[in-house]
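Enquirer: Below are the sequence and a predicted model; questions follow.
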Amino acid sequence: MEALQGIMQNAKRLRYEALSAFAADLNKAAKYTEICDALSAHIKYIIDFFQLRLHHFNKGESGCFEMSRGECVFFKPRQDGLWKYEMEVFETGLPVNYFGDAIQEHKLLARSVFNNPKVAAVYSLPVSYFKDQKILITIAVKSQIHYIDIDFKFLKSIADLVANKLMQLDLLKKIENTNKELKAKNAQITKLNYDLEQTVNLRTAELTNANEELKTLFYRTSHDFRAPLANIMGLANIAKLVTKDKDALNLFEKCEEVAHKMDAMLSKLNVLSTYSYEHQIKPVDFRQILRELRAKFQDKLQEIGGRLIFDIVLDDEHLANPDTYVTILENLLENSINYHNTNLIVQVYILRYKNDLVIKFSDNGQGIPLKIIGKIYDMYYRGNSESTGSGLGLYVVRKLVRSLHGNIFAQSKPKKHTHFIIKVPLVQPS
């Protein structure tokens, strides 16, 4: 009795060793044929059988491993009688077995690979995993033996190992397909990006050329307009010498005034068309600029009783196009004069703050109402109906400040004061 138990224990140990070896080879398998090789090499040492069929179902797809005479093949099964038999077993969810004549009498088994004179019994074990994955192991044996629990445990272990490997291969295949799709999409995106970049470069070049042509046209047109305006102003001056008629002189004076306004507007537009061109870069002498502006507007300042005072605390050299600052300060001063109150005082402070050049331009004029302060930089915007300006002054100022890589900020209190703060990098980017 003890000898028989020892034999059984030894046989059990050998079966576990074979199962372990099967698991090791299965783990290395990278394709279905290598799973077949692992089954052929080890299953015969784990379970006694004459024929074996392992049918794997996964999300509506199925594949079969069949072993007979030590050889294993993998194929996609047809929905024949054996397939229908396997579906019936799955529906019950329980192991089934058939012996001897029962196999011949079963209408589905009788026409299957298990209808063999050497087959004495057929056993089927269904194993379910997830909702869409299951395995059915069916074995045929030559003698009518009843498998015991340990046999079914080994069969289930085989099913578990194969199911895990098949899931792994399925996942790897999906990853590979996904990678192929990603590569194809990446290639498509790369091509689209290249085409888009080419299109953008082409459109940018076309826009740049069109912009340059427009600037050139605008520059030349503004000069062409200024020539007849100069003639009109000259004729108005001559008229003062050749006639004493007060009405005629008044008309010529009005014509001269309108011509001067048109000339001033053309000058502002001309700045817009040329400010981005390359100019001579040199140290900016703010004292000289402000002295010249005070002299230029001296008559108007005296007429309204106004003053321009300035203070410059700047030890660092600032290299830029001086004409840019002339235009900025001239437009701001012109605005202060146009929107003055009595006893106008214009104050300009220029200093360094950290790495910025700061210009604080202030006056005690009419001020800017809060509701329109966000619109003052718009082209052709005029603050009130009494304005005599072109509506371009502050638009030009902001454009020029931005050309210096700077910003401008406005603060105002109506009938009290207006402050413009301009900040530009002390050292201009190259």
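Expert: On my side now, so go ahead.

Enquirer: So which bits of stretch 119-136 are buried?
Expert: 119-127, 129, 133-136 (16 or more other C-beta atoms under 10 Å). Using the backbone N, CA and C atoms, a C-beta is placed for each residue, glycine as well.

Enquirer: can you list the residues you listed in CSV and add distance to G406?
Expert: Output for these, formatted as CSV (distance: C-beta to C-beta, whole Å):
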residue, distance to G406
V119, 95
A120, 99
A121, 95
V122, 91
Y123, 89
S124, 85
L125, 83
P126, 80
V127, 76
Y129, 69
Q133, 68
K134, 73
I135, 75
L136, 79
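
Enquirer: quick check, nearest of those residues to M167?
Expert: For those, the residue nearest M167 by C-beta to C-beta is Q133; the value is 7.1 Å.

Enquirer: Can you name the residues in contact with stretch 422-430?
Expert: Outside of stretch 422-430, the residues within contact range by C-beta atoms under 8 Å, 6 or more residues apart in numbering are 281, 316, 318-320, 328, 352-353, 355-361, 401, 404-409.

Enquirer: Need the CA coordinates for that stretch. PDB is fine.
Expert: C-alpha atoms of stretch 422-430 as PDB (Å, rounded to 0.1, in the frame of the first residue of the first chain):
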ATOM      1  CA  ILE A 422       6.300 104.900 -22.000                       C
ATOM      2  CA  LYS A 423       8.700 102.000 -21.200                       C
ATOM      3  CA  VAL A 424      11.200 100.700 -23.700                       C
ATOM      4  CA  PRO A 425      14.300  98.500 -23.200                       C
ATOM      5  CA  LEU A 426      17.300 100.600 -22.500                       C
ATOM      6  CA  VAL A 427      19.300  98.300 -24.800                       C
ATOM      7  CA  GLN A 428      17.400  97.600 -28.000                       C
ATOM      8  CA  PRO A 429      17.300  94.000 -29.200                       C
ATOM      9  CA  SER A 430      19.400  93.500 -32.200                       C
END
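
Enquirer: and that stretch, how far from the chain's centre?
Expert: 31 Å (C-alpha atoms, centre = their mean, to the nearest Å).

Enquirer: got the buried residues for that stretch?
Expert: Applying 16+ other C-beta under 10 Å to stretch 422-430 flags I422, K423, V424, L426, Q428 as buried.

Enquirer: how far away is the third one from Y85?
Expert: Think V424. V424 sits 88 Å away from Y85, going by C-beta to C-beta, to the nearest Å.

Enquirer: circling back: out of the buried residues of stretch 422-430, list just those in strands.
Expert: The strands, defined by DSSP state E, take in I422, K423, V424 from these.

Enquirer: Show me which of these is closest to R53.
Expert: K423 (84.0 Å).

Enquirer: continuing past the host helix or strand of Y16, what's the next helix or strand?
Expert: If you go by DSSP states H and E, Y16 is part of helix 2-28. For helix 2-28, the following helix or strand on the C-terminal side (DSSP H and E) is helix 32-46.

Enquirer: orientation of that next one relative to helix 2-28 in degrees?
Expert: 170 degrees (axes from the mean of the first three to the mean of the last three C-alpha atoms, to 10 degrees).

Enquirer: Distance from the chain centre to helix 32-46, please.
Expert: On C-alpha atoms, centre = their mean, the centre of helix 32-46 falls 51 Å from that of its chain.

Enquirer: In a markdown table: the buried residues of stretch 422-430, plus pLDDT and distance to G365.
Expert: Below are those laid out as a markdown table (pLDDT from 0 to 100; distance: C-beta to C-beta, whole Å):
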| residue | pLDDT | distance to G365 |
| --- | --- | --- |
| I422 | 96 | 18 |
| K423 | 97 | 23 |
| V424 | 96 | 24 |
| L426 | 93 | 29 |
| Q428 | 85 | 31 |
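
Enquirer: mind checking the SS state of Q79?
Expert: coil (DSSP: H, G, I helix; E, B strand; the rest coil).

Enquirer: Could you list which residues are in contact with it?
Expert: Contacts of Q79 (C-beta under 8 Å, 6+ apart): none.

Enquirer: Look up how far H56 lies from it.
Expert: From Q79 to H56 the distance is 15 Å (C-beta to C-beta).

Enquirer: sorry, back to before: tell me the one among the ones in strands among the buried residues of stretch 422-430 nearest to N201.
Expert: Of those, the one sitting nearest to N201 (C-beta to C-beta) turns out to be V424, at 30.7 Å.

Enquirer: Excluding residues flanking it in the chain, which one is nearest the closest one?
Expert: G406 (3.2 Å; C-beta to C-beta, 6 or more residues apart in numbering).

Enquirer: now swap in G60 and tell me
Expert: D132 (7.3 Å).

Enquirer: any idea how far that neighbour is from F57?
Expert: 8 Å.

Enquirer: where does this protein dip in pLDDT?
Expert: The chain contains residues with pLDDT under 70 at 1-6, 145-148, 211, 213-237, 239-242, 249, 252, 259-260, 263-279, 382-391.

Enquirer: now do 50
Expert: Scanning the chain for pLDDT under 50 picks out 275-277.

Enquirer: Can you get me a residue count around F22?
Expert: By the measure other C-beta atoms under 10 Å, the count of residues near F22 is 21.

Enquirer: and what of V313?
Expert: With other C-beta under 10 Å as criterion, V313 counts 9.

Enquirer: nearest spatial neighbour of it, skipping sequence neighbours?
Expert: Distance criterion C-beta to C-beta, 6+ apart; nearest residue to V313, sequence neighbours excluded, is L351 at 4.5 Å.

Enquirer: still on that earlier bit, how about the contacts made by the residue nearest to G60?
Expert: F57, N58, K59, G60.

Enquirer: Which of those residues fall in strands?
Expert: Those of the contacts of D132 lying in strands (DSSP E): F57, N58.

Enquirer: which residues does the residue nearest to Y32 when sequence neighbours are not counted bridge with?
Expert: Spatial nearest neighbour of Y32, chain neighbours left out: F74 (4.3 Å); criterion: C-beta to C-beta, 6+ apart. Beta bridges link F74 to F65, judged by DSSP bridges.
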